[in-house]
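> Quick one, structure for this:
(one chain, ligands or ions: 1)
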Amino acid sequence: MTQVEMSSMDVPQLYKRHIFACHTQRPPTHPRGSCGAAGAQPLWDQLLRRIEAEGLAAEIGFTASGCLGFCSVGPLMVIYPEGVWYRPKTPEDIDEIVESHLKGGRLAEDLVVVLARS
Ligand code: FES
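A predicted model of the protein is given here:
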């Protein structure tokens, strides 16, 4: 097997940052839960509006993702290239992520969720 050198993966990036936000919606009584059932959609709508209003749409990618695998702790979103996972619950949380992470390049520490595979 050929090993790929990290330097060969240094390619021009389309976005400065790319957000994947879980849009999975399961019934409220589903045993796995879901980000949709936890109120994700209005938060993601607000996040998109803020990205556009702040003039960040050219540098911040936003993708409506399927399940990110940690349903019970949603709503979940992850921002790359940092690989930071956030669990916003309120419109104010979305504002904090926009101001701190997307505009300021700093963690919105109170909203970070550290996940581990079981
Ligand atoms: S439903 Fe969002 S992480 Fe699974």
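> Residue 31 versus the residue nearest the centre of the chain, what's the distance?
Nearest to the mean C-alpha position of the chain, by CA atoms, centre = their mean, lies residue 77 at 2.5 Å. From residue 77 across to residue 31, the span is 23 Å (CB to CB, to the nearest Å). Bear in mind the C-beta positions are built from the backbone N, C-alpha and C, glycine included.
> Can you name the residues that contact the residue nearest to the centre of the chain?
Residue 77 makes contact with 19-22, 44, 47, 85-86, 88, according to CB atoms under 8 Å, 6 or more residues apart in numbering.
> Please list the residues of this structure that sit near the ligand.
Taking CB under 6 Å from any ligand atom, the part of the chain that reaches the ligand is made up of 22, 24, 34-35, 67-71, 74, 76.
> Mind checking which of those land in strands?
Taking DSSP state E, the ones among the residues of the chain next to the ligand that sit in strands are residue 22.
> Just the closest of the residues of the chain next to the ligand to residue 115, please.
For these, the residue nearest residue 115 by CB to CB is residue 70; the value is 5.3 Å.
> Touching, that closest one and residue 78? I think so.
No. Between residue 70 and residue 78 there is no contact under CB atoms under 8 Å: 9.9 Å.
> any shared contact partners between the two?
By CB under 8 Å, 6+ apart, the residues touching both residue 70 and residue 78 are residue 85.
> Leaving out chain neighbours, which residue sits closest to the residue nearest to the centre of the chain?
Leaving aside its chain neighbours, residue 77 sits nearest to residue 21 (4.2 Å; criterion: CB to CB, 6 or more residues apart in numbering).
> partners of that neighbour in the sheet?
Residue 21 has the following beta-bridge partners by DSSP bridges: residue 64, residue 77.
> Would you check that it makes contact with residue 64?
Yes. Under the criterion of CB under 8 Å, residue 21 makes contact with residue 64 at 6.2 Å.
> Looking at these two, which is more packed in?
residue 21 (24 against 14; other CB atoms under 10 Å).
> give me the number of residues near the nearest residue to residue 110 once chain neighbours are set aside?
Closest residue to residue 110 apart from its sequence neighbours, by CB to CB, 6+ apart: residue 96 at 7.5 Å. Residues contacting residue 96 under the criterion other CB under 10 Å number 17.
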